[in-house]
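Q: Generate coordinates for the sequence data below:
(4 chains)
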4 protein chains.
Amino acid sequence: MPSTHQPSTSQPSTGDQTTAQLLAAAAAGLAVHDLGRLLTVGMPQSPNHPAYWHSLPRRHGDMVRADGGSAANDMISMGTHVGTHIDALAHVSQDGKLYGGLDADDALEGGRYARLGVHTIAPMVRRGVLLDVPAALGVDRLEAGQEITVEHLETTLAAQDTRIDAGDVVLIRSGWGQHFDNGDGDTFRGLSTGVPGVGEAGATWLAARDIHAAGADTIAFERLAPGAGHGLLPAHRVLLVERGIYIMETLDLEGLAAAGVREFLFVLSPLPLFGATGSPVRPLAVVGA
Amino acid sequence: MPSTHQPSTSQPSTGDQTTAQLLAAAAAGLAVHDLGRLLTVGMPQSPNHPAYWHSLPRRHGDMVRADGGSAANDMISMGTHVGTHIDALAHVSQDGKLYGGLDADDALEGGRYARLGVHTIAPMVRRGVLLDVPAALGVDRLEAGQEITVEHLETTLAAQDTRIDAGDVVLIRSGWGQHFDNGDGDTFRGLSTGVPGVGEAGATWLAARDIHAAGADTIAFERLAPGAGHGLLPAHRVLLVERGIYIMETLDLEGLAAAGVREFLFVLSPLPLFGATGSPVRPLAVVGA
Amino acid sequence: MPSTHQPSTSQPSTGDQTTAQLLAAAAAGLAVHDLGRLLTVGMPQSPNHPAYWHSLPRRHGDMVRADGGSAANDMISMGTHVGTHIDALAHVSQDGKLYGGLDADDALEGGRYARLGVHTIAPMVRRGVLLDVPAALGVDRLEAGQEITVEHLETTLAAQDTRIDAGDVVLIRSGWGQHFDNGDGDTFRGLSTGVPGVGEAGATWLAARDIHAAGADTIAFERLAPGAGHGLLPAHRVLLVERGIYIMETLDLEGLAAAGVREFLFVLSPLPLFGATGSPVRPLAVVGA
Amino acid sequence: MPSTHQPSTSQPSTGDQTTAQLLAAAAAGLAVHDLGRLLTVGMPQSPNHPAYWHSLPRRHGDMVRADGGSAANDMISMGTHVGTHIDALAHVSQDGKLYGGLDADDALEGGRYARLGVHTIAPMVRRGVLLDVPAALGVDRLEAGQEITVEHLETTLAAQDTRIDAGDVVLIRSGWGQHFDNGDGDTFRGLSTGVPGVGEAGATWLAARDIHAAGADTIAFERLAPGAGHGLLPAHRVLLVERGIYIMETLDLEGLAAAGVREFLFVLSPLPLFGATGSPVRPLAVVGA
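A: Residues are numbered from 1 along each chain as shown, chains lettered A, B, ... in the order given. Okay, the predicted model is just below:
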């Protein structure tokens, strides 16, 4: 079933014109920015989730058919909040309630989150916006444990001359992803030293703009205070529980920022893992080439 | 790093115009057809691969923080050729060689396919075409073990008045996905009774059109003869090994066909599982609403 | 911490004499009968549990150290009720209660069965008894779906001239394990055709003898009626829930029976998987050589 | 098939006498010392292997049958060199060769170590000896990175007045397991700070006594020099590759040492994971109570 962003009251020709416009754009040449991190054994992730592992049960040559053909295959084990990923609304509860006041136990069916699980997230093909906070502040990256304040967000919007519309996907760059790139997993995780990001105020500011989803280039989206671990997550509560706004984490925003892209077609297609609380994803930011 | 479909020789304004065109299309209203199957424990899949399993190590209430917040999470194990998925070029070899004549052993590095692994598949944002074979033939679905011949393919193109361009993604509907929908896993797998699809001739016909990727609504993309199991896969050899054309399997094409869509913007973003031979995916067919 | 079968009121010398006796027996020559099935990918198991899978992430040669040394390793995923295994008391509940009337929810701590989980099973070094029912009945093996009645059990005891003591481990052979040996997984599982074993009456008879654990050479220990699947398990209720007697399944009893062993030192050491409901095991029957 | 430690040339009555001796010992009262560590998510292990994870896909109440019964089950993923475990001979190679000069590639069949894999380790029911080195040296535990020298081993044997026979299993206590007990995983692993244990000389000394297997209460059995990681393992080469002597790691030897046990019946039953390089185990030291 298609998910339609807005009621289509048009005669067929309007839809066809839009399709033609999309295909013309593709023909004109697109730059597809890959916002997903490579999934590798040993990559930095939260210790709360099963680590990503991969092995090849069969390699070429292990079993060769009479005609000389051979197939290799894979075995994967992992959590869903590893690598670049999206949080479903079923991921976080407050006082026993999920988004919309749904009792967390009532969301379960046969041991999985039949309601508000990640399989209920419709694929996204929407306007996306990058807020490049360190660029606006004139630094390479924010500091460990630094809170991205409402003032920082407004300064960034003004510096970029970008607007946020209802329904948009908003990606907030802190520059912290550089620690993922350079292999410094402990700093990226920041369990003892902290990680920059929005706090409750910034999340409230985002929610007030009625966005569809938010993301960041850090492990937990929101600010982690030095020494506080991953224990207190007020921005998760505001976005997931109170407002039904999805959260994406561990995005790779370095290339997008370097290319100067601030506005784009955002495309996301989470795996429809029935009843799960999240999914690894590989989001795309698409612009003209 | 963005992957650019064609060299961008334009001044910035052309790219910006294309971006504006994409965003205008999104604003005009899009229908996003989801071509991915729900991932559920027990769904039909090939017995050659680790089955999809999911469990919630933590449910809400298992560990509640002092502030009343709680997070639930997941544990997944699976192969990569399960559910809707894409085959990387490293998946199949012939006489010890992968695509481009690369020795299969030389593609390995540290026990994974560092070369031609699924992480080397660039995200796709391209023109897509549906070939609705049963619609063209006037049947609900093809027969078990029926080969989709070159004549069938040309008849379908003509009946639909569709063209195939170089670089397109071509999806071939057999109607066999109805057996996935209705829960008849044994028939869907067809290990003893067979599955419809193209054979070597159809694959060669597709390859001659210089397409980027091909897909079908069946477990193995190509025809499986009754009683032959999954042992002989000539279309895989032609596409993956000889021509470097990706293959997608277990697509859900029923909704797309029912909506009468034949041409669309195809979007695919495989998980960049380093060194793996495939990835579960959730492909999208995007058209105007 | 050692688990002591009976209060040791002896002076040290008695314990030392027993130790000397054990070591003398070992020196005299032991026959160690292996009652565990080989764990292989694709072996017959219940579809209710994650299948056993194994892969080698690193093979020799993948990463060789400067000194010429190399290590290979493994990746496993599985349920616990696969292969030869033991059921913990936390495995089965009746009307929401586990053994001893413990509320099943109260047995959970942080999402695992902290109480009555498989880690609470003390290793067993005890007298074991084999009841070779088909030998007593003069058949190669029992029929699909045949119930082992109380009369069968008493006939077998008499035919063998074996006694059952309180605290013993009793293994019941049906001969059905031959289907595991010969690779006929569907017959071994017997989901549609049934499996022989004790019913509620036989379980009650066993429980009345105050045994410590019971086992069989079948997938579910107890009789499965043809066409009934694994849905109704009264012997599990009697043994696990009402009496706290452990159950072992998918034992290999063919060799032990062929050797004519009826009485032995039974040794079992389940993996102490914290909070799990079962464990794969490799039980031993030890006798003089 | 039973594995017989020594050719049985006896008439049946000798074997029966031995069986009677074993059962008399069991009846007299046994103390069964559990040498296996509890398997818990997050326990200290080598980062080279997939971490132990466990989840309950079904808890009681998720699916209740009409008769009020319910079954809970498990999902496990793990490496084999995690928790208390044994190394198969296929685990380590030197210059491409395994034990007995077998080419490592020739040991593979269909992608698993069909030869020298952990399924080829016969269950052990043998004389075992504990060498309590810190007790002999008058310390609580050895130092990080301290080598257990040949002199230490001989001092310990003399202090204990213990002998080592051919075919014995020898367990070497360093006291380092106390760090596992107290939850100090980083110190237990000792990747940067080192771990005590025998070196090449100690391994050669053990091998000269023609033992069957050796074990220790540390993560890698042998000494890890501070800062050297797990990269150089000469004792593994001597024991596994040159002499075919199995190695056990992460044993819990604290209770056994505290009880003053130095000589015991050692029982080990590794999971017969076909083609794997190791297995989690729960070894037992059995003495009179």
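Q: residue nearest the centroid of chain A?
A: Centroid-nearest residue in chain A: A:M248, 2.4 Å away (criterion: CA atoms, centre = their mean).
Q: Is the helix or strand where it lies in proximity to chain B?
A: Secondary structure from DSSP states H and E places A:M248 in strand A:246-249. No: judged by CB under 8 Å from any CB of the partner chain, strand A:246-249 and chain B are separated, with a smallest distance of 11.7 Å. For glycine as for every other residue, the C-beta is placed from the backbone atoms N, C-alpha and C.
Q: Pull up the residues of the stretch 151-289 of chain A that are close to chain B.
A: Taking CB under 8 Å from any CB as the contact definition, the stretch 151-289 of chain A meets chain B at A:231-233, A:236-237, A:255, A:259, A:263-265, A:267-278, A:280-284, A:286-289.
Q: Quick check on the residues you listed: which are buried?
A: Neighbour-count burial (16 or more other CB atoms under 10 Å in any protein chain shown) applied to these gives A:232-233, A:236-237, A:259, A:263-265, A:267-278, A:280-284, A:286-289.
Q: And the residue of the stretch 101-250 of chain A that's closest to chain B?
A: As assessed by CB to the nearest CB, chain B sits closest to A:A104 within the stretch 101-250 of chain A, at 3.6 Å.
Q: Ok, the stretch 151-289 of chain A next?
A: Closest point on the stretch 151-289 of chain A to chain B, by CB to the nearest CB, is A:G288, at 2.6 Å.
Q: quick one: secondary structure of the residue lying closest to that residue once chain neighbours are set aside?
A: Nearest non-adjacent residue to A:G288, counting by CB to CB, 6 or more residues apart in numbering or on different chains: B:T18, 2.6 Å away. Using DSSP: H, G, I helix; E, B strand; the rest coil as the criterion, the local structure at B:T18 reads helix.
Q: any idea how far B:T18 lies from B:A289?
A: 21 Å (CB to CB, to the nearest Å).
Q: now swap in A:S269 and tell me
A: For A:S269, the distance to B:A289 - CB to CB - is 18 Å.
Q: neighbouring contacts of the strand holding A:M248?
A: A:81, A:84-89, A:121, A:171, A:212-216, A:218-221, A:235-236, A:239-240, A:268, A:281, A:283 (CB atoms under 8 Å, 6 or more residues apart in numbering or on different chains).
Q: Quick check: what element follows it along the chain?
A: Downstream of strand A:246-249 (by DSSP H and E), the next one is helix A:254-258.
Q: the helices in chain A, which residues?
A: A:12-28, A:133-137, A:150-160, A:178-181, A:185-189, A:200-208, A:234-236, A:254-258 (DSSP state H).
Q: How many residues are close by A:R243?
A: 17 (other CB atoms under 10 Å in any protein chain shown).
Q: Kindly report the same for the one 3 residues further on.
A: Other residues near A:Y246 number 23, with proximity taken as other CB under 10 Å.
Q: quick one: it from A:A207, how far?
A: 12 Å.
Q: Could you tell me which residues touch both of these two?
A: Joint contacts of A:Y246 and A:A207 (CB under 8 Å, 6+ apart) are A:L239.
Q: The stretch 101-250 of chain A: strands as residue ranges?
A: For the stretch 101-250 of chain A, the strands defined by DSSP state E, counting those that start in this stretch occupy A:108-109, A:112-113, A:124-132, A:147-148, A:169-173, A:197-198, A:213-216, A:246-249.
Q: Out of those strands, indicate the one that is most buried.
A: strand A:197-198 (a mean of 28; mean count of other CB atoms under 10 Å in any protein chain shown).
Q: Looks like A:A31 contacts A:G288 (just checking).
A: Yes: with contact defined as CB atoms under 8 Å, A:A31 reaches A:G288; the gap is 6.9 Å.
Q: anything in contact with each of these two?
A: By CB under 8 Å, 6+ apart, A:A31 and A:G288 have these common neighbours: B:G15.
Q: Close to chain D: what parts of chain A are there?
A: Counting by CB under 8 Å from any CB, chain A comes close to chain D at A:42, A:47, A:50-51, A:53, A:56-59, A:62-63, A:77, A:108, A:110-111.
Q: Restricted to strands, list those residues.
A: A:53, A:77, A:108 (DSSP state E).
Q: right, and the last one touches B:G61 too?
A: No: if you go by CB under 8 Å, A:L108 and B:G61 don't touch, sitting 10.2 Å apart.
Q: any idea how far the residue of chain A most remote from its centre is from D:G111?
A: When each C-alpha in chain A is compared with the mean C-alpha position (CA atoms, centre = their mean), A:A66 comes out farthest, at 45.6 Å. Per CB to CB, A:A66 is found 19 Å from D:G111.
Q: same question, A:G15
A: Noted for A:G15: a distance of 50 Å to D:G111, by CB to CB.
Q: returning to that earlier point: please, a PyMOL command that selects the buried ones among the residues of chain A next to chain D?
A: To isolate the buried members of the residues of chain A next to chain D in PyMOL, using 16+ other CB under 10 Å:
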select buried, chain A and resi 50+51+53+56+57+58+59+62+77+108+111
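Q: What about chain B: which of the residues of chain A next to chain D touch it?
A: Near chain B, by the rule CB under 8 Å from any CB, you find A:50, A:56-57, A:59, A:77, A:108, A:111 out of the residues of chain A next to chain D.
Q: Among the residues you listed, give me the pair with the biggest separation.
A: A:R59 and A:L108 (40.0 Å; CB to CB).
Q: Chain neighbours aside, what residue packs nearest to A:L206?
A: Nearest to A:L206 is A:A214, by CB to CB, 6+ apart, at 5.5 Å.
Q: Touching, that neighbour and A:T204? I think so.
A: No: judged on CB under 8 Å, A:A214 makes no contact with A:T204 at a distance of 11.8 Å.
Q: Now A:G68. Nearest residue, chain neighbours left out?
A: The shortest distance from A:G68 to any non-neighbouring residue, by CB to CB, 6+ apart, is to B:D95 (4.3 Å).
Q: Look up how far B:E242 lies from the one you found.
A: With distances taken as CB to CB, B:D95 is found 12 Å from B:E242.
Q: okay, those two: which has more neighbours?
A: Neighbours per residue (other CB under 10 Å) separate B:D95 from B:E242, with B:E242 holding more: 16 against 11.
Q: need the contact list for that one.
A: B:94, B:99, B:207.
Q: of these, closest to A:P196?
A: Using CB to CB, B:Y99 comes nearest to A:P196 of the contacts of B:E242, at 43.0 Å.
Q: That closest one against B:L240, yeah?
A: Yes: between B:Y99 and B:L240 there is a contact under CB under 8 Å: 6.4 Å.
Q: quick one, which of those two is more surrounded?
A: With neighbours defined as other CB under 10 Å, B:Y99 and B:L240 compare such that B:L240 has more, 26 against 21.
Q: quick one, what contacts the residue nearest to that one when sequence neighbours are not counted?
A: The spatially closest residue to B:L240, leaving aside those adjacent along the chain, is B:V92, at 4.6 Å (CB to CB, 6+ apart). By CB under 8 Å, 6+ apart, B:V92 lies in contact with A:69-72, B:98, B:233, B:236-237, B:240-241.
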